[in-house]
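Trainee: okay, sequence plus prediction incoming.
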Amino acid sequence: RLEEAALCFEKAIALGADPELHGYYLASVRGTGGPAAPPRRYIEALFDDYAADFQTHLVGNLQYQAHESLVRPLLQAGRRYHSVLDLGCGSGLCGALIHPLSDSIDGVDVSKVMLGQARQLGVYRDLTHADLVSFLADTTRSADLVLAVDVFIYVGELSAVFRSVRRILAPAGCFALTVELSPDGQDVRLLPSLRYAHSESYIRRLAQTHGFKLRDVFTAPLRYDQRQPVQGLYVFLD
C-alpha cells in the first residue's frame with residue numbers, strides 16, 4: 001500500500017513533521033531515488049533500539065549470511081592482514097570471523113549500543129562512534145583490508161567512500177564489500193524497506209574511476225525477507 005503510505009508522509013510534512021526524516025520515508029515509497037544519504041539520526045536510533053535483539057533476529061529469523069559469505073573467501077585464501085578496518089562493524093560479526101587472520105582490527109559504527117556489543121568480543125583494537133563517510137574522510141590510518149559488509153544499504157551514494165578507501169588502503173590491500181542489488185538496474189535506489197540498493201554496473205564504474213582492480217565478484221543472498229532471498233553483490237577489490 002505504497003501510495004497510501006506516500007499520502008500519509010506528505011500529510012505529515014504538511015502538518016509540520018520533520019521534513020528531512022519524512023522526506024526520506026516519502027522517497028522510499030515514491031521510488032524517486034531518494035536523498036544521497038539517509039538522515040544520521042534515523043540510522044543511529046534504528047540500531048541503538050535494534051541492538052538487544054540484533055543477532056538473534058538477523059542471523060536467526062532473517063537467516064543473515066552476508067558476513068560469512070564475504071569473509072569465507074578471505075579465510076580460504078589464508079592471507080594474514082596486519083591492519084583491518086571494519087566499516088559499519090555493528091555487533092562484531094565480521095570482526096569475530098576475520099580475527100584469526102588479523103594482527104589488529106578497528107571498527108567504526110554509528111550506533112553506540114552496537115559498538116558496546118562489539119567491544120565485549122575482545123577482538124577489536126579500537127572502536128569509533130562515527131558516520132563512516134565522515135570517518136573515512138578524516139582518518140589518517142591505513143589498512144590492508146577494509147571490510148564493508150551489508151552497511152552500504154544505509155549509506156546510499158558511494159563515491160566518497162570509494163575515494164577515501166583508495167586513499168587509506170595499503171599497497172596490495174583488499175577492499176571487500178557487499179551491496180544489495182538494485183531490482184531495476186538503477187545505480188542507487190532507495191527501496192520501500194528504507195535500504196539503498198546499488199547496481200553492479202555502478203560498483204564496477206566506481207571501482208574503475210577510483211583505481212581499483214576487480215579481483216572477484218559474485219551474487220548470493222544477503223538474508224531472507226518474508227522467506228524470499230534478498231540478493232547481494234559480493235565484491236573484492238585490490
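Mentor: That came in fine, so what should we check first? Residues are numbered from 1 along each chain as shown.
Trainee: report how many residues lie close to Leu46.
Mentor: 15 (other CB atoms under 10 Å). C-beta coordinates here come from the backbone N, C-alpha and C atoms, glycine included.
Trainee: quick check, Ala207 in contact with Leu214.
Mentor: Yes - judged on CB atoms under 8 Å, Ala207 makes contact with Leu214 at a distance of 6.0 Å.
Trainee: shared neighbours, these two?
Mentor: Taking CB atoms under 8 Å, 6 or more residues apart in numbering as the contact rule, Ala207 and Leu214 both touch 235, 237.
Trainee: which residues in the protein form helices?
Mentor: Per DSSP state H, the chain carries helices over the ranges 2-14, 19-30, 40-50, 54-55, 66-77, 93-98, 112-121, 132-138, 159-168, 200-209.
Trainee: returning to that earlier point: more neighbours: which of Ala207 and Leu214?
Mentor: More neighbours surround Ala207 than the other of Ala207 and Leu214, with 20 against 13 (other CB under 10 Å).
Trainee: residue contacts, the closest residue to that one other than its chain neighbours?
Mentor: Closest residue in space to Ala207, ignoring its immediate chain neighbours: Leu237 at 5.5 Å, by CB to CB, 6 or more residues apart in numbering. Counting by CB under 8 Å, 6+ apart, Leu237 touches 174-177, 207, 212-215.
Trainee: and Leu237, what's its pLDDT?
Mentor: Leu237 carries a pLDDT value of 98.
Trainee: repeat for Gly31
Mentor: Model confidence at Gly31, given as pLDDT, is 80.
Trainee: just the one 3 residues further on next, same as before
Mentor: At Gly34 the predicted local distance difference test score is 77.
Trainee: please name the nearest non-neighbouring residue to it.
Mentor: Leu190 (3.0 Å).
Trainee: against Pro100, how distant is the one you found?
Mentor: According to CB to CB, to the nearest Å, Leu190 stands 37 Å off from Pro100.
Trainee: compare the two (neighbour count), which wins?
Mentor: Leu190 (25 against 9).
Trainee: partners of the more buried one in the sheet?
Mentor: Per DSSP bridges, the residues bridged to Leu190 are Tyr196.
Trainee: doesn't Ser28 make contact with it?
Mentor: Yes - the criterion here is CB under 8 Å, and Leu190 meets it with Ser28 at 5.0 Å.
Trainee: overlap in contacts of those two?
Mentor: Gly34.
Trainee: before we move on, the earlier item: closest one of the contacts of Leu237 to Val155?
Mentor: Leu177 (10.6 Å; CB to CB).
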